[in-house]
Every structure is written in C-alpha cells, then in structure tokens.
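Enquirer: Give me a 3D structure for the following:
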Amino acid sequence: MHYGSLVTAMASYLQARCNRGLWHLRIEDIDPPREQKGAVRQILSSLSDFGFNWDGPVLYQSRRLSYYRHIAKQLHQCNLAFYCECSRKQLANSPETRLGRLYQGRCSQLALNPLTGRSLRMRVGDACIAFNDAVFGPQRYTLSIDSGDYVISRADQLPSYTLAVSLDDLHQGYSEIVRGADLLHLSARQLHLMQHFSQQPPQLMHIPIITNNDGQKLSKQNHAAAIESRHASFLLYHALKDLGQEPPKYLAYRSVASIWHWAFSHWQQSQIAAEMSITQSY
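Expert: Residues are numbered from 1 along each chain as shown. Okay, here's the model as predicted:
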C-alpha cells in the first residue's frame, strides 16, 4: 500500500462505519503478470497496523475465475457479447475517449468462435449511462461514443476488471462503492453491465487522486513509496487533511486509535473537494 491507496481506503472505511455499514476487503488478484510476490500479505498487514478492521472473510478474485467465465459464456450465448480478434496494434489509431481507445465495431457482426487469442466484448448498442457521483456530481456517457463495445474477457482468457468487479459488487451486495477518481469514467461500463442483472446497482463516490510533486498519480508504476507502520499516526492525520477534514494538529502525535475515534466523530463527506487530483500534504 502507498499513501494514495491509504487515503482512498480511509474514505471508504469512514463512509461505511459512519453510516452503520459493513466494510469488506477484496483482493483483486486476476492479473498474474502484474502481481508482486508477497504483496497481499503486506496489504493485509498494513491495513491491520493502520487500524482497519474488515467484516467477514477476504474475497480473492483468483478463486472465482470459473464463475466469471460462466457469466461471460452466458452473455455470449444471449448475444449480449461477441468475440473479437482485434489486437492492440490494430486499435492504436482509434479515436481517444474518456474511457480509452474507441472500439469501432470491426468484429461485432462476424460471429467469431471463442478461440485462443480472441477477447470477448460487451455490446453497448445505443446505451446511455447517467449517474450522480457523491463527490463529482452528475455524470453522463453515451457508450457508443465514449467507449464502444468493451472487453469483458481478455485474449489471455482472464476476466477484465470491468466484469470481475461488477459481478463481485453485486455478489457482495454493496450499496455504495468508494474508490479513486481514476476509475470514475469506467463506472459507465460497470453500470451498463450491471443493468443486465436484476439487482440494484450501488451508489458511487470517487475520491480525488493523490499526486506527487510532479503531478503524477501515486502508484506502484510511478514508484510510490510503501506506507510504513511506524508512521501510522502521522500518515492517517495527513490522509484526513487530504480528504478535506480538519483534524487538530496534536492528532498527528496521538495513537492510531485516537485518530480513528476523532475521525468517526467528525467525518464529513461533503468536505471532500471535487478536484481530480490533490498533491499530498506532507
């Protein structure tokens, strides 16, 4: 975990606990090439050291691959999805949109078979997705313009992020999703996918991205430093500040339990600024 993920985790934890909700922990380990050995153990340890307590067992997406594939197969059988043989190189010159490269439907009418190396795409038709984000306000997307038919099963036979998290959000019965603003636009695809299941989609709340002094999003790709337990109180204090709260300065030197006690009593979601990025405050 780095500081940016700590800020987002703190926002979701406070939003859940202060609204008498449950807070679940899900390990999204469905991209083996990007996984780092020991990362899951370190994440669980860091969350505990920083005072997070989750409800129920941890959900590991890597243990649900057969379920994702089953649903993908059903969507294909219902003609809601189709197989695509386009490569990234072929799509490289497509127009850039809020959701990435626009897929222009090259394979949508070819009725391709599910062979190795082919991805599975969800048909968007003329779908228009609108929702009200708790921080960023009203959002509206016309998927044929903002996305095109999107991938739900990758060419390497692994489920896409969109498919896996959408199914798990419904499976776990979430009423609200709190996460980073870098995923704000991808919500349109998830809500579109969720429409095909007879369940109420969750409310959405996206937290502004924490950036470094160069304006880069804090991430492992940008070599963001891992948070250290010995600095837990200091980091939690600054996370509250970056979330627009106004913790007293003395809290930076108090116990982790003291900081959470103050945070539970003073949490105000409305104080989060709707900027797309915030330079970390220390």
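Enquirer: Distance from stretch 258-265 to the middle of the chain?
Expert: Distance of stretch 258-265 from the chain centroid (CA atoms, centre = their mean, to the nearest Å) equals 26 Å.
Enquirer: Touching, residue 26 and residue 168? I think so.
Expert: Yes. Counting by CB atoms under 8 Å, residue 26 touches residue 168, with 6.3 Å between them. For the C-beta atoms, the positions are set from N, CA and C on the backbone; glycine is no exception.
Enquirer: between those two, what contacts are shared?
Expert: 59, 61 (CB atoms under 8 Å, 6 or more residues apart in numbering).
Enquirer: Look up how far residue 28 lies from residue 57.
Expert: Computed as CB to CB, to the nearest Å, the residue 57 to residue 28 distance reads 15 Å.
Enquirer: With residue 90 instead?
Expert: Note on residue 90: its distance to residue 28, by CB to CB, is 28 Å.
Enquirer: burial measure for residue 139, as a count.
Expert: By other CB atoms under 10 Å, 18 other residues sit near residue 139.
Enquirer: Regarding the residue of the chain most remote from its centre, what is its secondary structure?
Expert: Taking CA atoms, centre = their mean, the residue of the chain most remote from its mean C-alpha position is residue 250, at 32.9 Å. Put simply, residue 250 is helix when judged by DSSP: H, G, I helix; E, B strand; the rest coil.
Enquirer: Let's see the pLDDT reported for it.
Expert: pLDDT, residue 250: 94.
Enquirer: Any regions of this structure where pLDDT drops low?
Expert: 33, 214-216, 218-224, 276-282 (pLDDT under 70).
Enquirer: would you list every one of the strands in it?
Expert: Assigned by DSSP state E, the chain shows strands spanning 26-27, 59-60, 81-84, 96-97, 100-101, 119-122, 128-133, 137-142, 150-153, 176-180, 203-207, 209-211, 277-279.
Enquirer: which one of residue 57 and residue 28 has more residues nearby?
Expert: residue 28 (13 against 8).
Enquirer: check contacts around that one.
Expert: Contacts of residue 28 (CB under 8 Å, 6+ apart): 61, 161, 164-165.
Enquirer: Taking those together, which two end up most distant?
Expert: 61 and 161 (9.6 Å; CB to CB).
Enquirer: so what sits against both of those two?
Expert: With CB under 8 Å, 6+ apart, residue 61 and residue 161 have common neighbours 28, 30.
Enquirer: what about residue 102, how many neighbours?
Expert: 18.
Enquirer: gap between it and residue 79?
Expert: 22 Å.
Enquirer: Run a quick check on residue 272 versus residue 11, I expect a contact.
Expert: Yes. Using CB under 8 Å, residue 272 is in contact with residue 11, at 7.2 Å.
Enquirer: Between these two, tell me which one has more neighbours.
Expert: residue 11 (27 against 21).
Enquirer: Could you measure from the more buried one over to residue 145?
Expert: 31 Å.
Enquirer: What of residue 51?
Expert: Residue 51 is 44 Å from residue 145, by CB to CB.
Enquirer: quick one, which of the two is more surrounded?
Expert: Using other CB under 10 Å as the criterion, residue 51 and residue 145 rank with residue 51 on top: 17 against 14.
Enquirer: for the residue nearest to the more buried one when sequence neighbours are not counted, what are its contacts?
Expert: What sits nearest to residue 51 in space, not counting adjacent residues and going by CB to CB, 6 or more residues apart in numbering, is residue 256, at 4.5 Å. Residue 256 is in contact with 49-51, 232-233, 236, counting by CB under 8 Å, 6+ apart.
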